[in-house]
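Student: This is a predicted model, with the sequence first.
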Amino acid sequence: MAEVLMILTIALPWLGALAVWAWGDDDAQQRGGWYASHRLAVAFSAAAGLAALALLPSVSSTTVLRIPIGGMFGELTFVPDGLGVFLTVVATVIGCLAVVFSVDYMRGERQQRRYYAFVLFFIGAMAGLALTGSLLFLFFFWEITALCSYVLISFYNDDPKAVAGGIKALIITQIGGAGLLAGALLAYAYTGSYDIGNFIEKAPTLPAAVLAAMAFGFLAAAAAKSAQFPFQTWLPDAMEAPTPISALIHAATMVNAGVYLLARFYPAFEHVPGWRTAVMVVGLITALLAAFMGLAANDLKRVLAYSTVSQLGYMVYAIGVGGVFASAFHLLSHAVFKALLFLAAGAVIHAVGTRDMRDMGGLGQRMPFVRNVFIVGALALAGLPILNGFWSKELILEAGLEGGPGWALVGMILGAGLTALYTARMTWLVFFGQPRSDLHAHDATSAMRVSLGALAVGALTTWLLVGPFSRMLAETLPFHEIEHLGLWEMTVEILAAPVTWLAMGVIGIGLAAWGLRERLAGVTNSLGWLSRAAQASFGFEWINRRVVQITQGAASLLRVTQTGELNWNVLGIVGGLVFILAILVWGVR
């Protein structure tokens, strides 16, 4: 039964993509009702979500599906372990809610077939990435998500900023993809297999230099995919995509893949000298830099994007200090409350026609439902009880106290205060105070309310799943040594920990700083240099722009190799294959 459900979870979104492309509406002028693209997309995404949920009782560390490919490709295998099924449920369920939200958000937009087809293709690829037991096919699914993200970020292809954002995301994530591919080939060369479980088991027997190269190559792949330092600048530019895509990419799918990669291979790399420290430092720097940038931004979606980067930094930091379960639990919490915040922001933008928070204000009176669910998501993001973000973030801080240095923990607690500050600023500027411009506004429509309401309930309740969630991971990840953590045990542990109350005090200071902003104007003015540096992405935007320009320049130079002559093209392909095969044969020897 598990193999059927796994096939359905991946195949249903892809079949839906084909169905939308073949029978969907391409010109969605105002027609009223649910036309074909909407109906097909909702039906197939909902079916995929149900198939993924049905997998939960069948979680296992055993490979349940093998598809022989032959040759150097080995087998395409699928393993329904707790980590893979969990990420699949997140991708498909939140993906379904993003599709439902799109029913109203995208009504009237052109090229509906392209939009829904690639959304469904994206969801299926993410499910395949999470469930596959083959390193090589993990890379294949990894690259499919990169392609889909490029297409969806550039959906408004007549907007130069959207196209530039898509190209930037594609190029930067491909830098990391090279590290993943190199690691997969090294695993095959030294173990004779792409099987992930086999590699983790045999990792201690690999030469130290080879294992270190793989470990840091995978870290580069994860950092690029999850927009971590020094690759963090592509994610804010991805905000040019339609807002449901922002929720899908930044909460449920692609950016989580990097964290998943580090968590999946943690047992193989944890003893590599310097690797855990590097992972921890990457997460720490990212969390702090992104929090400062979120505090300085005025674009509502960009604030949420920087928040995503920062929260992913917490997850990466948790893995670096050995808190794999804390990282996975925060991934679940973040997926729910950040999808809620993005979709609620989408409802605001859809109503008022601007993303600039300086033009908003007082919208809560005219958008009470959106205001209420946004506040739920904001409280979860800030880490206040009893929302899901409070429990998972405190587990991360607990892991940092036990497995990391004190200076890093201090940095993460500071990040919690900054998170509370920019969250309070964002919520106030949008929904409270006096209107700062004459904007038309209306509350969320019915389809939007379905998605927003479900996510708001999730932000309030998913922390109650800690017991089944920890048991699922502990029983199906034999190399990770995860201990079962019950709900009562977690509650007592967190509430009794001094670091919890220290963090709550810092969060309270962050909230108070926004309330006392007028009295603190002198301090704010003296920190103007920091605000200007944050708005300039601390110089990393300039660096990444140079990387993109160099890549585009190299591509232009290589364009002369595309002669259009079939014989020359075939010769190039065959020559490249021979070269790769020679390297593989040499590596095996």
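Tutor: Okay, I see it.
Student: what's the neighbour count on the nearest residue to Phe78 once chain neighbours are set aside?
Tutor: Distances taken as Cβ to Cβ, 6 or more residues apart in numbering put Leu65 closest to Phe78, at 4.2 Å, once the chain neighbours are dropped. For the C-beta atoms, the positions are set from N, CA and C on the backbone; glycine is no exception. Applying other Cβ atoms under 10 Å, we find 18 residues neighbouring Leu65.
Student: And the helices in the stretch 451-589 of the chain?
Tutor: Here the stretch 451-589 of the chain has its helices, by DSSP state H, counting those that start in this stretch, at 466-476, 487-496, 498-515, 521-526, 528-535, 540-558, 566-588.
Student: should've said the stretch 151-300 of the chain
Tutor: 160-191, 196-202, 208-225, 234-237, 243-247, 254-264, 266-269, 275-296, 300-320.
Student: among those, which is nearest Val373?
Tutor: Using Cβ to Cβ as the measure, helix 243-247 is the one of the helices of the stretch 151-300 of the chain that comes nearest Val373, at 13.0 Å.
Student: Which other helices and strands does the closest one contact?
Tutor: Helices and strands touching helix 243-247, by 3 or more Cβ pairs under 8 Å, 6 or more residues apart in numbering; DSSP states H and E, are helix 82-105, helix 300-320, helix 324-352.
Student: try 10 Å this time
Tutor: When contacts are defined as 3 or more Cβ pairs under 10 Å, 6 or more residues apart in numbering; DSSP states H and E, helix 243-247 packs onto helix 82-105, helix 112-131, helix 135-153, helix 300-320, helix 324-352, helix 446-461.
Student: and the last one, what's its mean pLDDT?
Tutor: In this case it means helix 446-461. Mean per-residue pLDDT for helix 446-461: 90.
Student: Leu421: what's it in contact with?
Tutor: Taking Cβ atoms under 10 Å, 6 or more residues apart in numbering, we find Leu421 in contact with Ala291, Gly294, Leu295, Ala382, Ile507, Ile509, Gly510, Leu511, Ala512, Ala513, Trp514, Arg517.
Student: ok, now Val119?
Tutor: Applying Cβ under 10 Å, 6+ apart to Val119 gives the contacts 13, 16-17, 20, 41, 45, 95, 98-99, 102, 106, 148, 151-152, 155, 242, 244-245, 248, 253.
Student: Report pLDDT for Ile251.
Tutor: Wrong residue type there; residue 251 is Ala, not Ile. Reported pLDDT at Ala251 in the predicted model: 67.
Student: nearest spatial neighbour of Ala227, skipping sequence neighbours?
Tutor: Leu235 (3.9 Å).
Student: Surely the one you found is in contact with Gly313?
Tutor: No - the criterion here is Cβ atoms under 10 Å, and Leu235 misses it with Gly313 at 11.7 Å.
Student: Between the two, which contacts overlap?
Tutor: Common neighbours of Leu235 and Gly313 (Cβ under 10 Å, 6+ apart) are Ser226, Ala227, Gln228, Ala290.
Student: Turn these into a markdown table, including neighbour count and pLDDT.
Tutor: Shown next, in a markdown table, are these (neighbours: other Cβ atoms under 10 Å; pLDDT from 0 to 100):
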| residue | neighbour count | pLDDT |
| --- | --- | --- |
| Ser226 | 30 | 87 |
| Ala227 | 28 | 84 |
| Gln228 | 32 | 89 |
| Ala290 | 31 | 90 |
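Student: who touches the residue nearest the centre of the chain in this structure?
Tutor: In the chain, the centroid-proximal residue (Cα atoms, centre = their mean) is Val255; its distance is 2.4 Å. When contacts are counted by Cβ under 10 Å, 6+ apart, Val255 touches 145, 149, 173, 225-228, 235, 238, 249, 305, 308-309, 311-312, 315, 331, 334-335, 338.
Student: Repeat that for Tyr422.
Tutor: 290-297, 303, 306-307, 310, 381-382, 510, 514.
Student: Return stretch 431-451 as CSV; C-alpha atoms alone will do.
Tutor: Written as CSV, here are the backbone C-alpha positions of stretch 431-451 (Å, rounded to 0.1, in the frame of the first residue of the first chain):
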residue,chain,number,x,y,z
PHE,A,431,-3.1,47.1,10.2
PHE,A,432,-3.0,49.7,12.9
GLY,A,433,-2.6,53.5,13.4
GLN,A,434,-4.1,56.0,11.0
PRO,A,435,-4.4,55.4,7.2
ARG,A,436,-1.4,57.0,5.5
SER,A,437,-2.9,57.1,2.1
ASP,A,438,-6.3,56.7,0.4
LEU,A,439,-6.3,52.9,-0.4
HIS,A,440,-9.2,50.8,-1.4
ALA,A,441,-9.5,47.7,0.8
HIS,A,442,-11.8,44.8,1.2
ASP,A,443,-11.6,41.7,3.4
ALA,A,444,-10.5,38.3,2.2
THR,A,445,-12.7,36.4,-0.3
SER,A,446,-14.2,33.0,0.4
ALA,A,447,-11.4,30.9,-1.2
MET,A,448,-8.8,33.0,0.6
ARG,A,449,-10.5,32.5,3.9
VAL,A,450,-10.4,28.7,3.5
SER,A,451,-6.6,28.7,3.2
